[in-house]
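# sequence and predicted structure are below.
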Amino acid sequence: MYNTPEFQALRREYLQGAVQRTEHLREQAALLRQGAEVDLKGLRQEIHKLRGSGGFYGFQELSQASGRAEDTLILVLDEEIERDNQQIADLIDRVVDEVQDAVAKTGI
């Protein structure tokens, strides 16, 4: 299934959508670094989508980076750890980097 032309086309389409999402993620990371208010629940949902779909499409590094970001956001939202905007922004940057790496590896 994963080596079929149809699945490869779906992977490319997925990555194109992920690239579009990264602009929003970059904006959120920049706002966090500025100390601005950011909807962490919405951010967690966006990262969650990348976590699951990245793994499905075979982008394990993207899924793992998204998992680290999501797990941290959950802990912050549940008030189990202190909110550290710089740490969250760094985790988001890592997710964005993984999207870019996936694009480079697939040649999109």
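Yes, it's here.
# which regions of the protein lie under the pLDDT threshold?
In the predicted model of the chain, residues 1-2 satisfy pLDDT under 70.
# residue 17: neighbour count?
10 (other CB atoms under 10 Å). In short, each C-beta sits where N, CA and C put it, glycine included.
# quick one: buried residues of the host helix or strand of it?
Element membership of residue 17, judged by DSSP states H and E, is helix 5-34. Across helix 5-34, burial judged by 16 or more other CB atoms under 10 Å covers 11, 14-15, 18, 21-22, 25, 28-29, 31-32.
# how about the contacts made by residue 66?
47-48, 50-51, 54, 95, 98 (CB atoms under 8 Å, 6 or more residues apart in numbering).
# apply 6 Å and report the result again.
By CB atoms under 6 Å, 6 or more residues apart in numbering, the residues touching residue 66 are 47, 50-51, 54, 95.
# cool, residue 81 as well?
Residue 81 neighbours (CB under 6 Å, 6+ apart): residue 75.
# measure it to residue 72 for me?
Residue 81 sits 7 Å away from residue 72, going by CB to CB, to the nearest Å.
# ok, how many other residues are close to residue 51?
22.
# can you get me a residue count around residue 40?
Neighbours around residue 40, by other CB under 10 Å: 17.
# how far away is the nearest residue to residue 62 once chain neighbours are set aside from residue 33?
Here the nearest residue to residue 62 in space, its sequence neighbours aside, is residue 54; by CB to CB, 6 or more residues apart in numbering that works out to 3.6 Å. Between residue 54 and residue 33 the computed distance is 24 Å (CB to CB).
# please identify the helix or strand for the closest residue to residue 51 other than its chain neighbours.
Leaving aside its chain neighbours, residue 51 sits nearest to residue 66 (3.7 Å; criterion: CB to CB, 6+ apart). Secondary structure from DSSP H and E places residue 66 in helix 60-77.
# how about that helix: buried residues?
Neighbour-count burial for helix 60-77, counted by 16+ other CB under 10 Å, picks out 61-67, 69-70, 72-73, 76.
# which secondary structure elements does the helix holding residue 17 contact?
Helix 5-34 sits against helix 85-106, with contacts defined as 3 or more CB pairs under 6 Å, 6 or more residues apart in numbering; DSSP states H and E.
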